[in-house]
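> A structural model of the following input is requested.
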Amino acid sequence: MRPRVVFFDWGGTLAYRPPHVRSPEAVWVQVTRDLGVADLTEEEIQAKTGALDRDWQAKMYGYLGRSEQFWEEYNAAVMDSLGIQERRKEVSQRIDAILQDPSSQRLFPETREVLTRLRSEGYRLGVISNSSERLVTVVRNFELDREFDPIVFTQQVGAEKPDRRVFQFALERADCSAPEAVHVGDTFEADYLGATRAGLRAIWVNRKGVPPPGPCASVSDLRGVEALL
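Alright, predicted model coming up:
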């Protein structure tokens, strides 16, 4: 059956973060060192904030429509865990400015070309991303918001991929059945297995060329997607 809808993951599939913002920990290292309030490595920050991040991931679901408040409170919790007491407002503002700057994400070279071609072939396109409502702004910054219907961010759902509920929510928003949809993503567990367990076809974007954990439809970049549809 030819699919009606092709869903894409966002980060790592359609777009990526350049080296200076490759991870939140890298941004925290940069900002806190620049302001002279801490001298920590990415590994040290990750060790101190790992459990905190898991707790706050669940809290995010309750902040739909209040993202600014969420990130302000989250940043304060991170600074508490890192022992940062000085220039806290400035730290938080700089962290947000970097992570929310449009230049902090870039499209893969083939992204626009592939999306345009799929649309011309009559496919409806959507996004399913483990992210907050800020994703809509990011997509709009690239002038891609008209390409996708729906744009599903997991803060809406109250669960993260690979949870079946995320894919079911997207199918309902797209008004299609699971056999009519394909999901394309770069994470084997969250994207490929999550989608297939929910009844969708899936394509794994294996940009690093690592051996697949199991049999799967895979491509090295987005240019191979159309041939597998």
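> and Asn75, how far is that from Thr49?
The spacing between Asn75 and Thr49, counted by Cβ to Cβ, to the nearest Å, is 11 Å. Any C-beta I mention is one placed from the backbone N, CA and C, and that applies to glycine too.
> sec struct for the residue lying closest to Pro24 once chain neighbours are set aside, please.
Nearest residue to Pro24 in three dimensions, chain neighbours excluded: Leu99, at 7.0 Å (Cβ to Cβ, 6 or more residues apart in numbering). Here Leu99 is recorded as helix under DSSP: H, G, I helix; E, B strand; the rest coil.
> Please read off the pLDDT at Leu99 from the model.
Looking at Leu99, its pLDDT is 88.
> who are the neighbours in contact with it?
Taking Cβ atoms under 8 Å, 6 or more residues apart in numbering, we find Leu99 in contact with Val21, Pro24, Val27.
> how's this structure carved up into domains?
With domains defined by automatic domain parsing, the chain comprises 5-17+105-228, 19-103.
> rank these by pLDDT, which is bottom?
domain 19-103 (a mean of 93).
> any idea how far Val114 is from Ser120?
From Ser120 to Val114 the distance is 11 Å (Cβ to Cβ).
> Spatially, what comes nearest to the residue of the chain most remote from its centre if we skip its sequence neighbours?
Using Cα atoms, centre = their mean, the residue of the chain lying farthest from its centre is Glu86. It sits 31.3 Å away. Beyond its immediate neighbours in the sequence, the residue positioned closest to Glu86 (Cβ to Cβ, 6+ apart) is Val37, lying 5.2 Å away.
> count of neighbours near Gln156?
18 (other Cβ atoms under 10 Å).
> isn't Leu125 right next to Phe8, touching?
Yes: checked against Cβ atoms under 8 Å, the pair Leu125 and Phe8 is within contact range at 7.0 Å.
> Those two - which one has more neighbours?
Phe8 (28 against 20).
> so where do the helices sit in the protein?
For the chain, the helices defined by DSSP state H cover 24-34, 42-60, 67-82, 88-100, 111-120, 134-141, 164-174, 194-197, 225-228.
> Tell me what angle the third one forms with helix 24-34.
Helix 67-82 and helix 24-34 meet at an angle of 70 degrees, taking axes from the mean of the first three to the mean of the last three Cα atoms, to 10 degrees as the criterion.
> What residues sit buried inside helix 67-82?
Ser67, Phe70, Trp71, Tyr74, Asn75, Val78, Met79, Ser81, Leu82 (16 or more other Cβ atoms under 10 Å).
> could the residues you listed go into a markdown table alongside distance to Phe169?
Output for the buried residues of helix 67-82, formatted as a markdown table (distance: Cβ to Cβ, whole Å):
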| residue | distance to Phe169 |
| --- | --- |
| Ser67 | 19 |
| Phe70 | 20 |
| Trp71 | 23 |
| Tyr74 | 24 |
| Asn75 | 28 |
| Val78 | 29 |
| Met79 | 34 |
| Ser81 | 32 |
| Leu82 | 35 |
